[in-house]
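S.K.: This is a predicted model, with the sequence first.
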Amino acid sequence: MGVKKRVKAQSKFFYTRTWTKDVDQAFMNCLAWEADRGRAQSDANRPNLTALGFAQRAVNVYAHWDHGLDFYESKLGLLRKRYEAFGKLLHNPGFTWDVETNTVRATSAEWATLVGDIPFANAYRWRGEKKWGLLCTIFIGENVEDLDRERLEHNAAGDGEGDGSYGDDDDGVVFLGMKDGNEPHDVVDLVSSEGEN
């Protein structure tokens with residue numbers, strides 16, 4: 001019997017020391033805001049440079065960086081991997097996702113097949129894609145809530161708290177100054193929702 005290879009935590013697939021969960025959320029918020037205005041990242045071969053440029057400027061200000069567009073194209077590529085891998089898993093009959101607990105289930109034999117067939121599947125070995133609705137908005141211009149539930153089989157929409165919708169994160173921070181439907185600023189304007197009406 002061979003030695004079992006340990007699967008790393010989901011966060012190790014998505015984040016680095018500098019590309020944190022908060023930076024990732026801000027980047028996704030920018031892309032989703034742009035997608036809602038008709039600038040989705042629907043072409044896998046050519047990113048929407050208007051949307052990506054907006055996200056670049058906003059996240060550079062937010063994180064105090066000076067990264068170029070190539071850096072953000074690589075981060076967009078990682079988001080696309082997440083979207084494509086989890087989408088393929090959702091359509092696999094041997095895979096189930098409990099949206100409420102964000103847990104996934106498949107037998108060991110099914111996982112061995114899934115990992116062989118779907119690049120990046122190991123990122124979802126223990127947990128589902130909490131940001132599934134946001135990824136759908138970014139890449140197809142529609143949130144999962146608006147799509148045919150039968151076609152996707154699962155829906156990541158929740159109660160608005162930590163469900164992957166843009167505009168706020170799990171800590172109650174509003175990104176891009178999008179309170180009350182305002183247009184975002186050209187740069188990220190973080191506004192704490194604590195103590196404000």
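M.R.: Arrived safely, thanks for sending.

S.K.: State the mean pLDDT of the host helix or strand of Ile138.
M.R.: Ile138 belongs to helix 132-140 when assigned by DSSP states H and E. Mean pLDDT, computed over helix 132-140, is 92.

S.K.: Show me what that helix is packed up against.
M.R.: Here helix 132-140 touches helix 21-36, helix 69-90, going by 3 or more Cβ pairs under 8 Å, 6 or more residues apart in numbering; DSSP states H and E. No exception for glycine: its C-beta is placed from N, CA and C like everyone else's.

S.K.: quick one, it and helix 69-90 angle?
M.R.: 120 degrees (axes from the mean of the first three to the mean of the last three Cα atoms, to 10 degrees).

S.K.: can I get the CA coordinates of helix 132-140 in PDB?
M.R.: Taking Å, rounded to 0.1, in the frame of the first residue of the first chain, the C-alpha atoms of helix 132-140 are listed here in PDB:
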ATOM      1  CA  TRP A 132     -19.200  30.600  -6.300                       C
ATOM      2  CA  GLY A 133     -21.900  33.300  -7.000                       C
ATOM      3  CA  LEU A 134     -19.200  36.000  -7.300                       C
ATOM      4  CA  LEU A 135     -17.200  33.800  -9.700                       C
ATOM      5  CA  CYS A 136     -20.300  33.300 -11.900                       C
ATOM      6  CA  THR A 137     -20.800  37.100 -11.900                       C
ATOM      7  CA  ILE A 138     -17.200  37.700 -13.000                       C
ATOM      8  CA  PHE A 139     -17.000  35.100 -15.700                       C
ATOM      9  CA  ILE A 140     -20.500  34.900 -17.200                       C
END
